[in-house]
Structure formats: structure tokens, C-alpha cells
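Asker: Task: produce atomic coordinates for the following.
(3 chains)
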Amino acid sequence: MPELPEVETMRRGVALIAGSRIRGVRRPPSRLVPIQITPRLHALRRRVIGRRIESVGRLGKRIVIALDSRDRLVIEPRMTGRVLLADRGEAPDREHVRLVFELDGGGRRSLDGRRLVFWDSRGLGMVWLLPPEDFARRLGPQRIGPDALGITPDELRLRLAPSRRAIKVALLDQKALAGIGNLYASEILHRARLHPGIACCELRPIQWRRLHAMIGEVLEEAVALQGSTLADGTYRTARNEAGAFQGRHRVYQRAGQPCLQCRRGKIVRLVQVQRSTFYCPVCQRRRRT
DNA sequence: CATATGTCCTGAGAGC
DNA sequence: TGCTCTCAGGACATAT
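Answerer: Residues are numbered from 1 along each chain as shown, chains lettered A, B, ... in the order given. Okay, here's the model as predicted:
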């Protein structure tokens, strides 16, 4: 499930397409239900072919490709989407390829013929082409909070502290802060020694500071290790490699196993808002410290 | 307004 | 072995 570290890794892997022009857009034949493309493919083609890619950015868990038309191409991998870069002649797994952008090198001959590939096994992902007004409306600051990597301690507290929701649930709210998903929420709370069920409004200043520090620590480490590739193998980098942060997981999908921190607690799986949370009942007591 | 729940989708794994 | 069932969780629409 691509969260901030995985999306940032994919972004870095395709960042060199900045400067290229889009030469074609293809949707390979597939028996799968097509992913949602807005606008439809023929209109998308009309608006992107011949356009130059200005930059490849990230907004929370989305990749944002800015074009010289001022439109932005937004790719949402959601659960199982991958953003891959294929060299000329290289054929990525045909099976779940949903959309292909054919690129030139923007004057760099060695880059001609590259393709930006959107792969998605489950098909919940989306691709949007948004003019500036639509981008601002759909993905502006009132819809997407500040990036979890780089949020200030004050901002974190300001945005979450009034809520009566459990801290784990609030961390997943992309309007509050952007980029954290189910996996990293558990890992962050474990390192911050906070019980996932504590209401935000009950956290004390020292706990907010710890939480802020661990958001940065976990996400930075995960980006450095190119994200987490779980046993299902779904996530891959843009170059189709596995990430390595799964080796550093302390709680996620470790229910019943001993806590790697205290060695006494057994990791517990808890369900919150229909999603699994993992925590150590010894390290992450409900009681305030 | 804040918070909770249902929905989409496919592949893996469990159970028989 | 092969079938059926459940589950995984991104973001958003709808309900409370």
C-alpha cells in the first residue's frame, strides 16, 4: 500500500522524465476493469500529447506531473498501483499494466523511447488530468493537509490536538496531514510509545513532541530504504525493485510475536475503523508518561 | 460541524 | 485437487 515513502521513492525513480515530451498514451488491452481515467482516454490524449513535462512532484500519496500547458497529471496509486519507468524496448509485466505514457528524451537521445507505466493489480488507482482550477479545488490545502515529512511540531498539534478521535485514526486523515497510511501509522506510534487508541485531545505536550519526532524519523528512514515491500510483493520502486524498510518494521503484521523493543510484550492486532493496528501493550501503555 | 460507515477492486490464503 | 469464502486498505460518498 503505497504511502509517503513508497510514493516518494517512485517519484524519485521517474523524476528524470522532467524535460521529456509525451508522444503517446496507450491503454493496453486487458480483461480487467479499467482504472478510472479522468477525462476519458481520447480527451486525455488530446490534451497531453506534445506537451512537455516540467516537473515530477508529490502531494501526499499522489504523484503530480506538471505539464507546460499548466495542466497537471495526477497519479493515485491507492492500494496496489505502481509508477514504473521502462526503457526503450523494455517490457514490464504486461499483466496489470493500466496506462502507458510514451516519452521522448526532450533532446536527450539516450532517453528517447522511454515509457512511464501505470501498473495496478487491483485497479483502485486513478489518473487525473487537472487544469489549475480543478487541481486547486480537488487537491488544494483545504482538501490535503501539509506533508507529513516537513510538518512543524506546532502545525501537527494545531491540526490534530482538538480532535476526539483516536490518534491512530487521526494520523490517517489526509486533510489533517498528508502521506501517512495504515502501515506507517502503527510504526510511528510504536516508536513514539503511544497507545493507538488514545484520543488526540488527551495527548500531552511531551507526547506531541515525541510523535512529531517519530513521524520524521520513521518516514525519513523509510524513504532512505526505498519503502516497504510486504510479503505480498505488491510495492516495487519505479525500477521494479523491492524496498527494504520492511526489515525495520517493529509491529506491522507481527501480531503474536515478541516486541523487538522491550522483548517482553507480545504484539497485539487491534481493529480501528475497519483497519488493522499493531502495537506493543508494554511499550505503548494507555497511561500518560 | 465532526465522526463513522459502506463501497470499489483482485489475488492470496484458509478451510473443506 | 479445486471450489468458496474472507480479507487486505487507499480515498471518497453518504449517513449519523
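Asker: Doesn't A:Arg138 belong to a helix?
Answerer: Yes - counting by DSSP: H, G, I helix; E, B strand; the rest coil, A:Arg138 is part of a helix.
Asker: List the beta-bridge partners for the closest residue to it other than its chain neighbours.
Answerer: Of all residues not flanking A:Arg138 in the chain, A:Leu130 sits nearest, at 6.6 Å (C-beta to C-beta, 6 or more residues apart in numbering). For every residue, glycine as well, the C-beta is placed using N, CA and C. Counting by DSSP bridges, A:Leu130 is bridged to A:Arg72.
Asker: burial count for A:Leu130?
Answerer: 18 (other C-beta atoms under 10 Å).
Asker: who's in contact with it?
Answerer: Applying C-beta atoms under 8 Å, 6 or more residues apart in numbering to A:Leu130 gives the contacts A:Asp71, A:Arg72, A:Val74, A:Arg138, A:Leu139.
Asker: Just put the residues you listed in TSV and tack on neighbour count.
Answerer: Shown next, in TSV, are the contacts of A:Leu130 (neighbours: other C-beta atoms under 10 Å):
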residue	neighbour count
A:Asp71	20
A:Arg72	22
A:Val74	21
A:Arg138	13
A:Leu139	19
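Asker: Report the secondary structure element holding A:Val100.
Answerer: If you go by DSSP states H and E, A:Val100 is part of strand A:97-103.
Asker: mean confidence for stretch A:70-87?
Answerer: Mean pLDDT, stretch A:70-87: 94.
Asker: hmm, back to that, quick check: next helix or strand after the strand holding A:Val100?
Answerer: Sequence-wise, the next helix or strand downstream of strand A:97-103 (DSSP H and E) is strand A:115-120.
Asker: Local confidence estimate at A:Gln36?
Answerer: 87.
Asker: So what's the residue count around it?
Answerer: A count of neighbours around A:Gln36, defined by other C-beta under 10 Å, yields 14.
Asker: Excluding chain neighbours, what is closest to it?
Answerer: A:Met126 (4.9 Å).
Asker: Leaving aside the residues adjacent along the chain, what's closest to A:Gly106?
Answerer: Nearest to A:Gly106 is A:Gly19, by C-beta to C-beta, 6+ apart, at 3.8 Å.
Asker: how about the residues of the stretch 101-250 of chain A near DNA strand C?
Answerer: Contact residues (C-beta under 7 Å from any atom of the strand) of the stretch 101-250 of chain A with DNA strand C: A:Arg122, A:Leu124, A:Arg138, A:Arg143, A:Leu172, A:Gln174, A:Gly181, A:Asn182, A:Leu183.
Asker: let's see it at 6 Å
Answerer: Residues of the stretch 101-250 of chain A lying near DNA strand C by C-beta under 6 Å from any atom of the strand: A:Leu124, A:Leu172, A:Gln174, A:Gly181, A:Asn182, A:Leu183.
Asker: do you know how far the fourth one is from A:Arg114?
Answerer: Going back to what we said before, that points to A:Gly181. Applying C-beta to C-beta, to the nearest Å, the value for A:Gly181 to A:Arg114 is 29 Å.
Asker: what does the last one give?
Answerer: A:Leu183 sits 30 Å away from A:Arg114, going by C-beta to C-beta.
Asker: How about the first one?
Answerer: Taken as C-beta to C-beta, the spacing of A:Leu124 relative to A:Arg114 amounts to 26 Å.
Asker: hang on, the earlier thing: what about A:Leu183 and A:Arg114, which has more around it?
Answerer: With neighbours defined as other C-beta under 10 Å, A:Leu183 and A:Arg114 compare such that A:Leu183 has more, 26 against 23.
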